[in-house]
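[1] 3D model of this:
(one chain, ligands or ions: 2)
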Amino acid sequence: MIIKKFLGKTEEDAIALAKKELGNNVVVLNVKKNVKKKGLFGAFKPKLVEVTVALEEESETLERTRREAERKQAAAPAKTESPEKKDAQKADKASENIEKRLDTLQTLLETQIKNKKSSAVSEKTPENAEEKKEEVPEEKDPKTSPEDEEQTRFLNLLHTTMLENEVDEKYAEQIMEEIEKIRKPNMPMDYLLANIYQKMILKFGKADGISPSENQPKVVIFMGPTGVGKTTTIAKVASSYSVEEKKKIALLTADTYRIAAAEQLRTYANILEVPFRVVYTSEDMKNAIADFKDYDYIFVDTAGHSHQNVDQVDNMKELLDAAKEVADTEIFLVLSATTKYRDLLKIADTYKSITDYRLIFTKLDETSCVGNLLNIKLFTDAAISYVTYGQNVPDDIEAFNAQKTVKQLLGGKH
Ligand SMILES: Nc1nc2c(ncn2[C@@H]2O[C@H](COP(=O)(O)OP(=O)(O)OP(=O)(O)O)[C@@H](O)[C@H]2O)c(=O)[nH]1
Ligand SMILES: [Mg+2]
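    Ligands and ions are numbered 1, 2, ... in the order given. Okay, the predicted model is just below:
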């Protein structure tokens with residue numbers, strides 16, 4: 001894994017520099033605002049944004065896939081020990097330490113960057129990586145060293161915290177197994193924690209928001225189960241684009257099941273003074289897109305689906321296909337963070353015929369367990385673009401922040 005820092009006037013500038021140098025697969029690990037440029041006149045220069053990015057090298061990805069396949073075959077016996085239960089006081093202390101450590105994650109990452117730099121050359125090729133493995137000092141018997149016991153307790157606590165945050169056992173195990181592979185006796189806890197943090201951020205992957213389309217409107221379709229907040233989310237996104245970004249937007253609804261549903265979006269359209277139309281058929285969809293061809297964004301609301309009703313999804317798929325035929329289209333599956341994991345899996349399954357969607361999680365204000373964000377990201381392999389955390393239009397929405405969510409999953413403050 002390559003880890004590097006980039007400075008820019010804005011977060012976007014710094015990320016663009018990182019992508020230019022390392023490619024589009026970089027993952028942002030940390031963002032530090034108000035950074036002063038080093039040097040004599042640094043204090044007089046405008047403050048900058050510093051992003052720390054990671055890039056997983058291809059060989060690592062392949063190696064991980066291979067290991068995962070091996071692991072599945074081997075079907076290793078489950079761990080049964082739970083030392084933190086035996087010693088509640090120690091666990092509390094360790095938990096406090098994790099919080100402190102997560103708070104100073106920037107420092108942890110910096111230490112790691114220094115360590116990486118000193119071994120950067122030898123890490124470049126897989127052959128060298130092999131050599132490097134051989135250079136690792138002799139391991140002491142991990143079961144006898146007190147430091148190692150503390151390390152185990154620390155890792156178990158992180159594992160338990162993930163489970164308490166409702167990360168699926170399967171994914172929590174996977175993360176712990178990946179850490180076991182790099183773990184060495186006497187390895188500093190901070191190094192372990194920073195590694196888990198990075199691995200989890202990489203699992204969330206890149207999360208792009210809605211992007212503009214050149215020379216034609218971008219059609220953005222929101223789908224999902226009933227009552228998750230699709231219409232409210234459209235209102236939030238639409239008002240940001242129309243009021244703050246001064247873009248030309250139009251609102252469509254394909255929710256023809258309930259009169260109230262169309263009225264809800266019409267009300268928002270009236271407030272924002274943007275055009276609104278109901279679309280019943282694929283033909284209506286194409287006509288509407290043609291009529292609004294000079295617009296920047298067309299946001300489309302759809303009826304909420306029960307995961308029992310596959311016909312409804314088929315109808316909606318026709319509308320999606322019609323939009324895709326004539327315009328640059330993005331699709332979002334809107335899910336509530338308060339829905340039970342098992343139901344989320346069923347819902348994701350209902351939409352499996354639509355493969356090119358990204359995720360929006362709503363109602364984060366109503367739950368303190370965000371494990372399902374990771375679970376569903378890994379289950380669907382769809383990136384999370386936005387999260388919403390309240391009923392206020394347009395304020396209660398933001399771009400998904402993997403760093404914040406991972407800190408929370410590992411026991412940081414919410
Ligand atoms: N607490 C909280 N409530 C939200 C959030 N987003 C939406 N809601 C509320 O959830 C309820 C349903 O929102 P809608 O936007 O109507 O949901 P929908 O998915 O369009 O519902 P249907 O069209 O009936 O399928 C409303 O009371 C919203 O105010 C959120 O992030 N947090
Ligand atoms: Mg609705």
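
[2] residue in the protein nearest to ligand 2?
    residue 231 (3.3 Å; CB to the ion). C-beta coordinates here come from the backbone N, C-alpha and C atoms, glycine included.

[3] show me what contacts that residue?
    By CB atoms under 8 Å, 6 or more residues apart in numbering, the contact set of residue 231 is 255, 261, 264, 265, 268, 301.

[4] Repeat the analysis, applying 10 Å as the threshold.
    222, 251, 253, 255, 261-262, 264-265, 267-268, 301-302, 304, 334, 393 (CB atoms under 10 Å, 6 or more residues apart in numbering).

[5] Can you pull out the low-pLDDT segments for the chain?
    Judged by pLDDT under 70, the chain has its weakly predicted residues at 1, 36-46, 56-99, 105-144, 307-308, 413-414.

[6] the strands in it, which residues?
    2-8, 27-35, 48-55, 218-223, 249-253, 276-278, 297-301, 328-336, 357-362, 384-388, 397-399 (DSSP state E).

[7] Close to ligand 2: what parts of the stretch 151-300 of the chain are there?
    By the rule CB under 5 Å from the ion, the part of the stretch 151-300 of the chain lying against ligand 2 is 230, 231, 261.

[8] Would you mind measuring from whichever residue of the stretch 51-200 of the chain sits closest to ligand 1 to residue 225?
    Going by CB to the nearest ligand atom, ligand 1 is nearest to residue 166 of the stretch 51-200 of the chain, at 18.0 Å. Distance, residue 166 to residue 225, by CB to CB, to the nearest Å: 19 Å.

[9] now residue 6
    39 Å.

[10] Which residue ranges make up each domain of this structure?
    For the chain, the structural domains run 1-55, 95-204, 218-409, going by automatic domain parsing.

[11] Let me know which of these is tucked in deepest.
    Mean neighbours per residue, mean count of other CB atoms under 10 Å, is largest over those for domain 218-409, with a mean of 19.

[12] How about it and ligand 1, touching?
    Yes - counting by CB under 6 Å from any ligand atom, ligand 1 is contacted by domain 218-409 at 226-232, 255, 261, 304, 362-363, 365-366, 388-391, 396.

[13] Can you flag which of the residues you listed belong to helices?
    230, 231, 232, 261 (DSSP state H).

[14] Contacts only, for the first one.
    It stands for residue 230. Contacts of residue 230 by CB under 10 Å, 6+ apart are 221-224, 253, 255, 261, 265, 301-304, 332-334, 360, 362.

[15] mind running it again at 8 Å?
    Per CB under 8 Å, 6+ apart, neighbours of residue 230: 222, 223, 224, 301, 302, 304, 334.

[16] didn't the fourth one look like it was pressed against residue 220?
    No - counting by CB atoms under 8 Å, no contact exists between residue 301 and residue 220, whose distance comes to 10.3 Å.

[17] In the stretch 151-300 of the chain, what residue lies closest to ligand 1?
    residue 229 (2.9 Å).

[18] Against residue 334, how distant is that residue?
    Taking CB to CB, one finds residue 229 at 6 Å from residue 334.

[19] same deal with residue 176?
    Taking CB to CB, one finds residue 176 at 31 Å from residue 334.

[20] Show me what residue 360 is bridged to.
    Residue 360 has these beta-bridge partners by DSSP bridges: residue 334, residue 386.

[21] My understanding was that it contacts residue 336; is that so?
    No - if you go by CB under 8 Å, residue 360 and residue 336 don't touch, sitting 9.8 Å apart.

[22] ok, back up a step: I'd like to know which of the residues of the stretch 151-300 of the chain next to ligand 2 is nearest to residue 372.
    residue 230 (17.8 Å; CB to CB).

[23] so which residue of the protein comes closest to ligand 1?
    Counting by CB to the nearest ligand atom, the chain gets nearest ligand 1 through residue 304, at 2.4 Å.

[24] quick one, phi/psi of the residue nearest to that residue when sequence neighbours are not counted?
    Excluding its sequence neighbours, the residue lying closest to residue 304 (CB to CB, 6 or more residues apart in numbering) is residue 226, at 3.0 Å. With angles defined as degrees, to the nearest 10, residue 226 sits at phi -70, psi 140.

[25] Provide a list of residues in contact with residue 226.
    303, 304, 305, 306.

[26] What about the first one? Give its phi and psi, please.
    Translated: residue 303. According to degrees, to the nearest 10, residue 303 has phi -70, psi 150.

[27] Please report the distance of it from residue 203.
    Distance from residue 303 to residue 203, by CB to CB: 32 Å.

[28] cool, the second one as well?
    Using CB to CB, one gets 29 Å for the distance from residue 304 to residue 203.

[29] now swap in residue 338 and tell me
    Relative to residue 203, and taking CB to CB, residue 338 is found at 22 Å.

[30] same check, this time on residue 302
    Counting by CB to CB, the gap from residue 302 to residue 203 is 29 Å.

[31] what do you get for residue 331?
    For residue 331 relative to residue 203 (CB to CB), the value is 22 Å.

[32] Which residues are in contact with residue 216?
    Residue 216 neighbours (CB under 8 Å, 6+ apart): 293, 327, 328.

[33] wait, what's in contact with the last one?
    Right, the one you point to is residue 328. Residues in contact with residue 328 (CB under 8 Å, 6+ apart) are 213, 216, 217, 218, 219.

[34] what about the last one, distance to residue 326?
    Taken as CB to CB, the spacing of residue 219 relative to residue 326 amounts to 8 Å.
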